[in-house]
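Q: Have a look; sequence and predicted model below, questions after that.
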Amino acid sequence: MRSERCVQALNGGLHEAFERRDDVYLIGEDLLDPYGGAFKVSQGLSDRWPERVITTPISEASLFGVAAGMALRGYRPVLEIMFGDFIALGFDQIINGISKFREMYDDQVTLPLVVRTPMGGRRGYGPTHSQSLEKLLMGVPNIRVVAASEYHDLRAMTHAAIDDDEPVFLIENKLMYGRPNRRPENGYIDELSVREGSGTYPALTLSGNDFGEAAATIVTYGGMLPIAVEAATELILEHEVFCEIVVLGELLPLDLAPILESVGRTGALITAEEGTLTAGIGAEITAQVTEAAWGQLRRPVRRVAANDGVIPSAPNLENMMLPGAGEVRDAVLALDPAAV
Amino acid sequence: MTSDLARFYQQMYVIRRLEETLLEMFSAGEINGTTHTCIGQEATAAGVISHLDSERDVIFSNHRCHGHYVAFTDDVEGLIAEVTGRTTGTCGGKGGSQHLCRGNFYSNGIQGSIVPVATGIALAERERKSGAVTTVFIGDGTLGQGALYECLNMASLWRLPLMVVVENNHYAQSTPEELAVSGSISARAAAFGIPTAEITTTDVEEIHATAGSAVERIRATGEPFFMVLDTYRFSPHSKGDDTRDPAEIEARRASSDPIALIADRLDPELRADIEQAAERRVADAREAALAAPVAGAVQA
């Protein structure tokens, strides 16, 4: 079966959700057809449901609150934020409204809203249109941060986010949109065997040797997935080193079980993310794994991430700043895997 | 049947005594944290909210929300219990003075951040064809927040049944209006094509009349309205933080206390009954709150 592209899967999921529920609305900038959103994830929705697609002024600081108000009154708004960088404008609403209303009002209300937004660089968009800012959401209680990847069932993920009674930040990725949305066939994607975790936003664990002996667990998500796969493939072919890759579906609350399961087999943890290193997703994963499974770690944890700086526009400079397959490979080799 | 005037007096008197009691309770160490009272501003709550239906309409209020809350929900008991951190409080003690929710009433403590949420609520109510008017109360201090103007723009573009009420008490905490608000307040909304009204009185009957036309217009057209009400708080911003000239406060108290303004219009006997009932109700609510279980207490 030929896979649809990720952008088609996300778009298809939205169309299905609009068909299935009449309380779903889409809010955001430049949504109307024929434009259909800057990355075309929203294409065709306004033609079919003109009254449920609301194209807005450039007002992100308020749009998060508008979505919250709709959710408080029984709707399920999906807010499209054109570039993930723009969530910075919404942080008051995210922190002092969206994440607070249910608990501070003593569970008298729910906030079933979805914020969809693409993160990630490698397209030359420069410092303010390339960031991976999901790490900034990690310290916010009472929200979910869900990471789409090209191996996840993106239609199902869209449905789950819309049906969720908690606020969901669905983190997409710009490069992912144009790539095929691969799903395991008979437990495999290409040469990698795939185990799917449980839960609403399941993690995927990948192995190049059918979960035989492996030197390390690489925990990653979103746009770093193909880079981790490239690194793992090179490690097999060039160094005869096998790794497991855990591709998280849910970053917050952190889905720790599949990580611990894999680390229990490999004894070594590497985190790989595209956001900047300091206080990143890897830092949180590292803390939780060392608290829960210190005795199983046979090597120091290593974090692969972007340098703490801006993302330059020029391609060479951007590549130097963002983590690539080479950095992931080197982090594994630095564990001295032959000695493990 | 109770007249509008008697009802206004009753509401304003209860709100006044409730807040004076809260300040006493702070001084007595019976309350933790902070509170912002609207002593002197009660007429805006009573005059505007009397046009709203708590079963259908929605209010989003701010940090100075007690008057709005009581005028809309009549829940004196839940409010005192909330501010005293009791399990019987409106939000089980989690919200406290400025984070209330009951039925169609919401409040939150970030200046300006309530306007976007109210805009979303008005959008939802429009889509649902509920006929609800969504009212958001802001102050002159809120006029400094950019989100307000994003929302005036959207409310006008999308024709939302949203009423923005500016309670201009002339001070943002300690900062006088002259240092924070340029130009005309109502012209800011008019620039977005939103009809406005501005009155400079604390007479609840005049506020009631102006608000009545506004609410009627919103119900008839489904479109937003922006109302600027002149008011003055006799109490500090929160508890002891008042740097205003005491002579100015006294002058405003003498000229524009909304309760004193209408007291003479009521039959003295009715007025005494209202006052007595309010005193009793607030005292009972205080007693009930203090007797109620403390939120988060470790069970013996």
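A: The structure has been received and is ready for your questions.
Q: Neighbours of A:Leu26, how many?
A: 24 (other CB atoms under 10 Å in any protein chain shown). Placement of C-beta: from N, CA and C, glycine included.
Q: Help me confirm that it is found in a helix?
A: No - under DSSP: H, G, I helix; E, B strand; the rest coil, A:Leu26 falls outside any helix and is assigned strand.
Q: and the spatially most central residue of chain A, what is it in contact with?
A: With distances taken as CA atoms, centre = their mean, the residue of chain A nearest its centroid is A:Ala147 (2.0 Å). By CB atoms under 8 Å, 6 or more residues apart in numbering or on different chains, the contact list for A:Ala147 reads A:Glu134, A:Ile171, A:Tyr221, A:Gly222, A:Leu248, A:Gly249, A:Glu250, A:Leu251.
Q: Can you pull the phi and psi angles for it?
A: Here is the backbone geometry of A:Ala147 (degrees, to the nearest 10): phi -110, psi 120.
Q: got the residues of chain A near chain B?
A: Within reach of chain B by CB under 8 Å from any CB of the partner chain, chain A has these residues: A:25, A:51, A:54, A:56-57, A:59, A:61-75, A:77, A:92-93, A:96-97, A:100-101, A:103-106, A:108-109.
Q: For these, which ChimeraX command selects only the ones that are buried?
A: A single ChimeraX command selects the buried members of the residues of chain A next to chain B (16 or more other CB atoms under 10 Å in any protein chain shown):
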select /A:25,54,56,59,61,62,63,64,65,66,67,68,69,70,71,72,73,75,77,92,93,96,97,100,101,104,105,106,109
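Q: Give me the subset of the residues of chain A next to chain B that lies in helices.
A: Applying DSSP state H to the residues of chain A next to chain B, the entries found in helices are A:61-72, A:92-93, A:101, A:103-104.
Q: hmm, who's touching the helix or strand containing B:Leu79?
A: Secondary-structure assignment from DSSP states H and E places B:Leu79 in helix B:76-83. If you take CB under 8 Å, 6+ apart as the criterion, helix B:76-83 is touched by B:14, B:18, B:21-22, B:25, B:31, B:33, B:35, B:66, B:69-70, B:87-91, B:93, B:95-97, B:100, B:102, B:281-282, B:284-286, B:288-289, B:292.
Q: Give me the domain ranges for chain A.
A: By the record's domain assignment, chain A is partitioned as A:6-177, A:188-339 (automatic domain parsing).
Q: got these as a markdown table, with mean pLDDT columns?
A: Below are the domains of chain A laid out as a markdown table (pLDDT from 0 to 100):
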| stretch | mean pLDDT |
| --- | --- |
| domain A:6-177 | 98 |
| domain A:188-339 | 96 |
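Q: if you compare the ones you listed, which one is most tucked away?
A: Neighbour counts (mean count of other CB atoms under 10 Å in any protein chain shown) averaged over each of the domains of chain A peak at domain A:6-177, with a mean of 21.
Q: what's the nearest residue to A:Leu133 if we skip its chain neighbours?
A: A:Gly84 (5.5 Å; CB to CB, 6 or more residues apart in numbering or on different chains).
Q: Spell out which strands sit alongside the lengthiest strand in chain A in the sheet and which way each one runs.
A: As assigned by DSSP state E, the longest strand anywhere in chain A is strand A:269-276. Partner strands and pairing direction for strand A:269-276 (DSSP bridges) are strand A:216-220 (parallel), strand A:302-306 (parallel).
Q: okay, the domains of chain A in a markdown table with distance to B:Asp241 next?
A: What follows is the domains of chain A, written out as a markdown table (distance: least, CB to CB, whole Å):
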| stretch | distance to B:Asp241 |
| --- | --- |
| domain A:6-177 | 22 |
| domain A:188-339 | 35 |
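Q: which regions of the stretch 201-300 of chain B sit below the pLDDT cut-off?
A: Within the stretch 201-300 of chain B, the stretches with pLDDT under 70 are B:299-300.
Q: What about the residue in it that chain A sits nearest to, how many residues nearby?
A: Nearest residue of the stretch 201-300 of chain B to chain A (CB to the nearest CB) works out as B:Ala295 at 9.6 Å. When neighbours are defined as other CB under 10 Å, B:Ala295 has 18 of them.
Q: how close does the residue lying closest to it once chain neighbours are set aside sit to B:Ala43?
A: With sequence-adjacent residues excluded and distances taken as CB to CB, 6+ apart, B:Ala295 is closest to B:Gly93, at 3.0 Å. Distance of B:Gly93 to B:Ala43, computed by CB to CB, to the nearest Å: 30 Å.
Q: who's more crowded, these two?
A: Using other CB under 10 Å as the criterion, B:Gly93 and B:Ala43 rank with B:Ala43 on top: 31 against 22.
Q: So the more buried one sits against B:Val204, correct?
A: Yes - shown here, B:Ala43 and B:Val204 form a contact pair, counting by CB atoms under 8 Å, at 4.0 Å.
Q: Now do the shared contacts for those two.
A: Taking CB under 8 Å, 6+ apart as the criterion, B:Ala43 and B:Val204 both touch B:Phe8, B:Met12, B:Pro258, B:Leu261.
Q: In helices only, show me those.
A: B:Phe8, B:Met12, B:Pro258, B:Leu261.
Q: check contacts around the residue of the stretch 101-250 of chain A found nearest chain B.
A: With CB to the nearest CB, the shortest gap between the stretch 101-250 of chain A and chain B falls at A:Tyr105, namely 3.6 Å. Residues counted as contacts of A:Tyr105 (CB under 8 Å, 6+ apart) are B:Cys91, B:Lys94, B:Gly95, B:His99, B:Cys101, B:Tyr106.
Q: do that again at 6 Å, thanks
A: A:Tyr105 is in contact with B:Cys91, B:Cys101, counting by CB atoms under 6 Å, 6 or more residues apart in numbering or on different chains.
Q: From B:Gly95, how far out is it?
A: Distance from A:Tyr105 to B:Gly95, counting by CB to CB: 7 Å.
Q: Get me the contact residues on chain B for chain A.
A: Residues of chain B lying near chain A by CB under 6 Å from any CB of the partner chain: B:91-92, B:94-95, B:99, B:101, B:110, B:113, B:116-117, B:119-121, B:123-124, B:147, B:150-151, B:153.
Q: Can you flag which of those residues belong to strands?
A: Those of the residues of chain B next to chain A lying in strands (DSSP E): B:Cys101.
Q: that older thread, phi, psi of the residue of the stretch 201-300 of chain B closest to chain A?
A: phi -60, psi 140.
Q: what are the ranges of the strands in the chain?
A: This is for chain A. Using DSSP E, the strands of chain A run over A:24-28, A:53-55, A:76-80, A:114-119, A:144-147, A:168-173, A:188-189, A:192-196, A:204-207, A:216-220, A:243-247, A:250-252, A:269-276, A:302-306.
Q: sorry, should have said chain B
A: Using DSSP E, strands in chain B cover B:58-61, B:101-102, B:105-107, B:134-139, B:162-168, B:171-172, B:175-176, B:196-199, B:225-230.
Q: can I get those strands in a markdown table with distance to A:Glu234?
A: Formatted as a markdown table, those follow (distance: least, CB to CB, whole Å):
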| stretch | distance to A:Glu234 |
| --- | --- |
| strand B:58-61 | 56 |
| strand B:101-102 | 55 |
| strand B:105-107 | 55 |
| strand B:134-139 | 57 |
| strand B:162-168 | 58 |
| strand B:171-172 | 60 |
| strand B:175-176 | 62 |
| strand B:196-199 | 67 |
| strand B:225-230 | 63 |
